[in-house]
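**Student:** Pasted the sequence and its predicted model underneath.
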Amino acid sequence: MLNRLGVALEELIEIQKQLIDYAEQKRVVLIERRVDELNVLVKDEAKLVKQLNVIEAERERVAIQLMEQYGADSFSGLVDGLPDELMKRKLQTQVKTLQGLLVELQAKNQINERLLLDSMHFVQHMIDQVTKTKQQHFNYQSPIGNQKPQTSSQGFFDTKA
């Protein structure tokens, strides 16, 4: 049972590493504005997240059984109360590794979120520039300015994204 817990933690570590790789790839794709590649990465990432959820559910199930078996009230209490020092150190190392990977993934995802928001603001700004509602003069006008203003105050396009 303890071995299954160790295997589940190891699988979670591997998936977290893959998610970090995807996050880095997404950062590059966002910077270079390659939307098609971003869509593929997001789909692949979603598959990994589903796999992660399955393994996490298994880890949780095994941990609950072990906590009942050892009379522990928390996962850290279970690990600290293990009689096998080698297994205890292995599980503690895996948990610390997993926590570190999670922090790294969160940081990369925050950067990607910021890049995505900046891209969306840029696109909205460009749309606003094309669809300006203030009066625009597309023909030559006299610098005197006594000419009639244009009848339409609409831009080229009348929609926002």
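**Tutor:** It's in. Residues are numbered from 1 along each chain as shown.

**Student:** where does Gln135 land on pLDDT?
**Tutor:** pLDDT, Gln135: 52.

**Student:** Sorry, slip of the keys, the one I care about is Gln16.
**Tutor:** Reported pLDDT for Gln16: 98.

**Student:** Counting neighbours, what do you get for it?
**Tutor:** 20 (other Cβ atoms under 10 Å). Just so you know, the C-beta spots here come from the backbone N, C-alpha and C atoms, and that holds for glycine as well.

**Student:** Which helix or strand contains it?
**Tutor:** helix 2-32 (DSSP states H and E).

**Student:** for the helix or strand following that helix, packing partners?
**Tutor:** Per DSSP H and E, helix 2-32 leads on to helix 35-70 as the next helix or strand towards the C-terminus. For helix 35-70, the elements it packs on are helix 2-32, helix 75-80, judged by 3 or more Cβ pairs under 8 Å, 6 or more residues apart in numbering; DSSP states H and E.

**Student:** ok, Met120 - how many residues close by?
**Tutor:** Counted with other Cβ under 10 Å, Met120 comes out at 11.

**Student:** and the angle for whatever helix or strand it lives in with helix 35-70?
**Tutor:** Following DSSP H and E, the helix or strand that holds Met120 is helix 85-130. Here the directions of helix 85-130 and helix 35-70 differ by 150 degrees (axes from the mean of the first three to the mean of the last three Cα atoms, to 10 degrees).

**Student:** Under the pLDDT cut-off, which ranges of the chain? List them.
**Tutor:** 133-161 (pLDDT under 70).

**Student:** any idea which residue sits dead centre in it?
**Tutor:** In the chain, the C-alpha nearest the mean C-alpha coordinate belongs to Asn109, at 4.0 Å (Cα atoms, centre = their mean).

**Student:** Run through the residues that contact that one.
**Tutor:** Residues in contact with Asn109 (Cβ atoms under 8 Å, 6 or more residues apart in numbering) are Ala23.

**Student:** If we use 10 Å, what do you get?
**Tutor:** With contacts taken as Cβ atoms under 10 Å, 6 or more residues apart in numbering, Asn109 has the following neighbours: 19-20, 22-23, 26-27.
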